[in-house]
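> mind looking at a prediction? Sequence and model below.
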2 protein chains.
Amino acid sequence: MSTPIRILLADDEHLIRTALAQMLDLEDDLTVVAEAVDGEHAVTAAVKYEVDVAVLDLQMPKLDGIAVAERLTELLPGCGCVIVTSHGRPGHLKRALAAGVRGFLPKTTSAVTLAAVVRTVHEGGRHVDPELAAEAIAAGDSPLTPREADVLELAATGAPIDDIAARASLSPGTVRNYLSNAMMKLDAANRHEAVAIARRMGWI
Amino acid sequence: MSTPIRILLADDEHLIRTALAQMLDLEDDLTVVAEAVDGEHAVTAAVKYEVDVAVLDLQMPKLDGIAVAERLTELLPGCGCVIVTSHGRPGHLKRALAAGVRGFLPKTTSAVTLAAVVRTVHEGGRHVDPELAAEAIAAGDSPLTPREADVLELAATGAPIDDIAARASLSPGTVRNYLSNAMMKLDAANRHEAVAIARRMGWI
DNA sequence: GGTCACCGATGACGTTTGTCATCGAGAACT
DNA sequence: AGTTCTCGATGACAAACGTCATCGGTGACC
């Protein structure tokens, strides 16, 4: 164990971040050399300190964990990315893997697992939580076209059609068509149910 | 510092719980004597180990942190309750204080604060995150009647009126009236926006 | 070059909503 | 005893919403 694995830890929740940092530091082959409170800081800090593994919370301000991973695979190819998340939706896992993430864990996993996955990822391996993987396979791919997903996301606030149309720079009729399509594909009775379903699947 | 403060730590996220436990244990006047993965276990464990302070995550399976606090103030009056949460909504703080909680912190606060608050609460004091307190004061009380809140909660899934009426055992017309009232009080354009607002305020 | 999917739009139609006035019963407070 | 609030309901009306057929334009793919 010549030099310990250099880790970046990114999580917007101060309490959680410092607790995890202390915990990882207890392992003598791991050392947390940088912490970040949001996605932007995570990217700059990872590059600056040339970390071996980035442990990223999925939901963060400015850039989410997946967006950070995308940038890091470009800017710092030697760095492995591990995503940790409270709410593991199937769609997130797919996007994460597409972004070059090699570790994906829910926060419900045990502490020893995290350390183990950090080591695995550092050695070039992959580890995805088995339960999440099963869900992702069962859920399949998003049936929504990019535009449908956009409009559905705008509909998530509960705003009326005209507002959505204005914000999307579309005609109200077009918005209704897209939403109608999405509802059919998601088997929902109205757009709000469609939003709920798409949310649960991680498609928006 | 004769005997250390005995702490129960309840959080359904394994990773977070163990990390926090380790962190709190590092303080030599604090000791985590019990951990729980959900509200029910939290109550039984707190009673069994006669803990001095219960550190409770707000969102947990079976019983949320506030419900646990309510039971503990009855079953174990000497025990102080501290709620820790990711999403601090104004309404939650009010309900928590009403339930006898004496510490309320978002997970974004620093680690030293948590330890300090545990000590404060153990000595009978109170501590509420200043920002959350300000929000709660600004937000005011819920303008919704109990029934309006019920119906609004049922509307949260996005189900159509008839479904809501069936599940609430009400006439569809009555449901529409309640929702209309709620929308007026919350200044929302439709019930889904009303749901979003009530959610943000912690009123449902 | 034809097929197909996606984007964007329009118009018509029927249904679901939201709004409002109004009613009656019970409970609470003055 | 009167006022006020919540609960529950009805009916009528207008606006918003969901559905469908249809159109033109673009880019991908065989």
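Cool, got the structure.
> next, the residue of chain A found nearest DNA strand C: phi, psi?
Residue nearest to DNA strand C within chain A: A:G173 (2.4 Å; CB to the nearest atom of the strand). Using the backbone N, CA and C atoms, a C-beta is placed for each residue, glycine as well. Note on A:G173: its backbone torsions stand at phi -60, psi -40 [degrees, to the nearest 10].
> state the pLDDT value of it.
What the model reports for A:G173 is a pLDDT of 96.
> one more: A:A98?
Listed pLDDT for A:A98 reads 89.
> what of A:E193?
Here, the pLDDT recorded for A:E193 equals 96.
> sec struct for it, please.
helix (DSSP: H, G, I helix; E, B strand; the rest coil).
> how many neighbouring residues does it have?
If you count neighbours by other CB atoms under 10 Å in any protein chain shown, A:E193 ends up with 19.
> can you tell me the SS state at the closest residue to it other than its chain neighbours?
With sequence-adjacent residues excluded and distances taken as CB to CB, 6 or more residues apart in numbering or on different chains, A:E193 is closest to B:G158, at 3.6 Å. The three-state assignment at B:G158 reads coil, by three-state DSSP.
> now do the phi/psi pair for B:G158.
According to degrees, to the nearest 10, B:G158 has phi 90, psi 10.
> contacting residues for it?
For B:G158, the contacting residues are A:188-196, B:192, by CB atoms under 8 Å, 6 or more residues apart in numbering or on different chains.
> what helix or strand is A:L9 on?
For A:L9, the element it lies in under DSSP states H and E is strand A:5-10.
> skipping its backbone neighbours, what lies nearest A:A67 in space?
Nearest residue to A:A67 in three dimensions, chain neighbours excluded: A:G39, at 5.9 Å (CB to CB, 6+ apart).
> what's the burial count for A:D162?
Neighbours around A:D162, by other CB under 10 Å: 11.
> how about the contacts made by it?
A:P172.
> please see if whichever strand or helix holds it touches DNA strand D.
Per DSSP H and E: A:D162 is located in helix A:161-168. Yes: for a cut-off given as CB under 7 Å from any atom of the strand, helix A:161-168 has contacts with DNA strand D, namely A:161-162.
> what average pLDDT does that helix get?
Here helix A:161-168 scores 96 as its mean pLDDT.
> residues from chain A in reach of DNA strand D?
A:160-162, A:173, A:176-177, A:179-180, A:183-184, A:190-192.
> and the helices in chain A?
Counting by DSSP state H, the segments of chain A that form helices are A:14-26, A:39-49, A:65-75, A:90-98, A:111-122, A:130-139, A:146-155, A:161-168, A:172-186, A:191-201.
> can you lay out those as JSON lines showing distance to B:G65?
Listed next are the helices of chain A as JSON lines, based on distance: least, CB to CB, whole Å:
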{"stretch": "helix A:14-26", "distance to B:G65": "15"}
{"stretch": "helix A:39-49", "distance to B:G65": "29"}
{"stretch": "helix A:65-75", "distance to B:G65": "26"}
{"stretch": "helix A:90-98", "distance to B:G65": "26"}
{"stretch": "helix A:111-122", "distance to B:G65": "22"}
{"stretch": "helix A:130-139", "distance to B:G65": "25"}
{"stretch": "helix A:146-155", "distance to B:G65": "31"}
{"stretch": "helix A:161-168", "distance to B:G65": "36"}
{"stretch": "helix A:172-186", "distance to B:G65": "33"}
{"stretch": "helix A:191-201", "distance to B:G65": "24"}
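> could you list the low-confidence segments of chain A?
Low-confidence segments of chain A (pLDDT under 70): A:1.
> and if we set it to 80?
A:1-2 (pLDDT under 80).
> name the residues of the helix holding A:D162 that are buried.
Buried residues in helix A:161-168, counted by 16 or more other CB atoms under 10 Å in any protein chain shown: A:163-165, A:168.
> kindly report the same for stretch A:30-45.
Buried residues in stretch A:30-45 (16+ other CB under 10 Å): A:30-43, A:45.
> now do stretch A:48-65
Under 16+ other CB under 10 Å, the buried positions of stretch A:48-65 are A:51-58, A:60, A:63-65.
> distance to B:S110 for these - can I get that in TSV?
Formatted as TSV, those follow (distance: CB to CB, whole Å):
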residue	distance to B:S110
A:V51	23
A:D52	27
A:V53	25
A:A54	22
A:V55	19
A:L56	21
A:D57	17
A:L58	22
A:M60	18
A:L63	23
A:D64	23
A:G65	22
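> max pairwise distance over the residues you listed: which two?
Greatest spacing in these, by CB to CB: A:D52 and A:D64 (21.8 Å).
> in the buried residues of stretch A:30-45, find the pair that's most separated.
Pairwise over those, using CB to CB, the maximum falls at A:L30 and A:E40, 24.5 Å.
> which among the contacts of B:G158 count as buried?
In those, the ones that pass as buried (16+ other CB under 10 Å) are A:188, A:191-196, B:192.
> also near DNA strand C: which of those residues, exactly?
Answer for these near DNA strand C (CB under 7 Å from any atom of the strand): B:H192.
> will you turn the buried ones among the contacts of B:G158 into CSV that also has distance to A:V151?
Below are the buried ones among the contacts of B:G158 laid out as CSV (distance: CB to CB, whole Å):
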residue, distance to A:V151
A:A188, 14
A:R191, 9
A:H192, 13
A:E193, 15
A:A194, 10
A:V195, 10
A:A196, 15
B:H192, 15
